[in-house]
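Peer 1: Just to be clear, the model below is a prediction. Sequence and coordinates:
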Amino acid sequence: MELVFKDTQYSFQTLRALSYAVAGGADVGEVLKTAFSIKEGDDESWYREWLKTGEQREKAGDDFLALGRKISARQEFFKASNYYRTAEFFLHTNPEDPRIVSVWKKSRDSFRKAAKLADHPIMPVEIPFEGTTLAGYLCLVDKSRAKRPLLLVQSGFDGTIEELYFETAHFAVKRGYNVLLFEGPGQGGVIRVQKLPFRPNWETVVTPVVDYALTRKEVDAKRIALMGISLGGYFAPRAVAFEKRIKACIANGGVYDFHMAARLPPEEEKELDTQKGAEKIDRAIYSRMKTNPSFRWSIANGMFTFHAKSPSDWFKMTRSYTMKDVAAKITCPMLIVDSEGDKDMPGQARKLYDALKSPKDFMLFTKEEGAEEHCQMGAILISNARILDWLDGIMMKGKAGKQR
């Protein structure tokens, strides 16, 4: 699906920003106006235009709030959060760029301004983790503190917890789920501020999250589910292979072996393990990064989030992100989601599904539905409808989730 831009990543990120209009995270005209103002392939142009739109919407929110117009203010702050997130997206070619943190903070702070005005509780929380904390948001159906099923949601390679609200929590809360959005090493503020990179043994992240969830009065301990989005389609299945307090897991889309996404031919795979070969690979990659925006971003973000010193270093790090000897250990019901036109990790979801021994379902979203893109961007409504219907069948005791 091509939107405004020819470049794959520029087009997809525009679609991603636009997708959240259905959850209050964007407006169509604002997204298109911004996108058409950007010079294709110019990451600085991308940053400037999205930053400008974010600042416009945040100022509008501040002006509404000063007038006591809380609903209108909330609307603008939510959109500003999404636009700031989008502005920061292509900055990772220089991991020391101070805007990576400053604009991420603008996205977070705008979201929190909106959360204070929301029509249901959205509470920032700090989850104890290895001598520090992980940031999260506990999104509740209401203020009653009644025990309800809990959906844990995490992103993957490049998302933020604020984005997850528009992508999933907005819809799950309406069905009667309390939702805990969380980020781990390699994500959000954990990589930008705390400087903790990704790790393959993700159960060490999810277990403390479950420990924290069980301290909350609002959580039904017997009904906890986990959803992982994008690279979270590796992290979530990996976690439930070891964390047995989780009763159901969704991988959207499923990831069997992240290293396979590098698509290295056999000869380069061998060269990767020699200094001369690795240097040769790095030279070729750096050259290609100069002219290919999508490729430039993927390599730069991989190095940024893994703390890799070079592209070849990153490729070697990804080898341990595999479900090969882990998938069979999963015992809870699994939903493996795939998108027909997924360009990022094609074929991975089916490989993961085939490796599972637990109760499992495979859910394919198609071009005919307009839902063929990675994580069903552009089709958030039908994506949540089908995925949460599956979850309702398990967590709501066979009954459809009721609107609150």
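Peer 2: Now that the structure is in, tell me what you want to look at. Bear in mind the structure is a predicted one, so any value in this text is a computation, not a measurement.
Peer 1: Can you give me the buried ones in the biggest helix by length in the chain?
Peer 2: Counting residues, the longest helix in the chain under DSSP state H turns out to be helix 43-66. For helix 43-66, a neighbour-count test (16 or more other CB atoms under 10 Å) marks 43, 46-47, 49-51, 53-58, 60-61, 64-65 as buried. No exception for glycine: its C-beta is placed from N, CA and C like everyone else's.
Peer 1: swap in stretch 383-400?
Peer 2: S383, N384, R386, I387, L388, W390, L391, D392, G393, I394, M395, M396.
Peer 1: Against I382, how distant is the fifth one?
Peer 2: To I382, L388 is 11 Å away according to CB to CB, to the nearest Å.
Peer 1: so what sits against both of those two?
Peer 2: Here L388 and I382 have no joint contacts, going by CB atoms under 8 Å, 6 or more residues apart in numbering.
Peer 1: Just the mean pLDDT for the helix or strand Y353 falls within, thanks.
Peer 2: In this assignment (DSSP states H and E), Y353 forms part of helix 348-355. When pLDDT is averaged over helix 348-355, the result is 97.
Peer 1: can you pull the pLDDT of the one residue sitting closest to the centre of the chain?
Peer 2: Centroid-nearest residue in the chain: S155, 2.7 Å away (criterion: CA atoms, centre = their mean). Among the per-residue scores, S155 shows a pLDDT of 97.
Peer 1: now do K402
Peer 2: 45.
Peer 1: Relative to V210, how far out is P128?
Peer 2: 12 Å.
Peer 1: just so I have it, where are all the strands in the stretch 301-404 of the chain?
Peer 2: Ranges of strands within the stretch 301-404 of the chain are 334-339, 360-365, based on DSSP state E, counting those that start in this stretch.
Peer 1: Could you dump those into a markdown table with mean pLDDT, distance to A371 and mean neighbour count added?
Peer 2: Formatted as a markdown table, these follow (pLDDT from 0 to 100; distance: least, CB to CB, whole Å; neighbours: other CB atoms under 10 Å):
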| stretch | mean pLDDT | distance to A371 | mean neighbour count |
| --- | --- | --- | --- |
| strand 334-339 | 98 | 7 | 26 |
| strand 360-365 | 98 | 4 | 18 |
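Peer 1: Now render those as TSV, adding distance to Y10.
Peer 2: Shown next, in TSV, are the strands of the stretch 301-404 of the chain (distance: least, CB to CB, whole Å):
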stretch	distance to Y10
strand 334-339	19
strand 360-365	22
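Peer 1: Quick one: closest of those strands to K280.
Peer 2: strand 334-339 (34.2 Å; CB to CB).
Peer 1: What helices and strands are in contact with the closest one?
Peer 2: helix 232-240, strand 248-252, helix 348-355, strand 360-365, helix 380-395 (3 or more CB pairs under 8 Å, 6 or more residues apart in numbering; DSSP states H and E).
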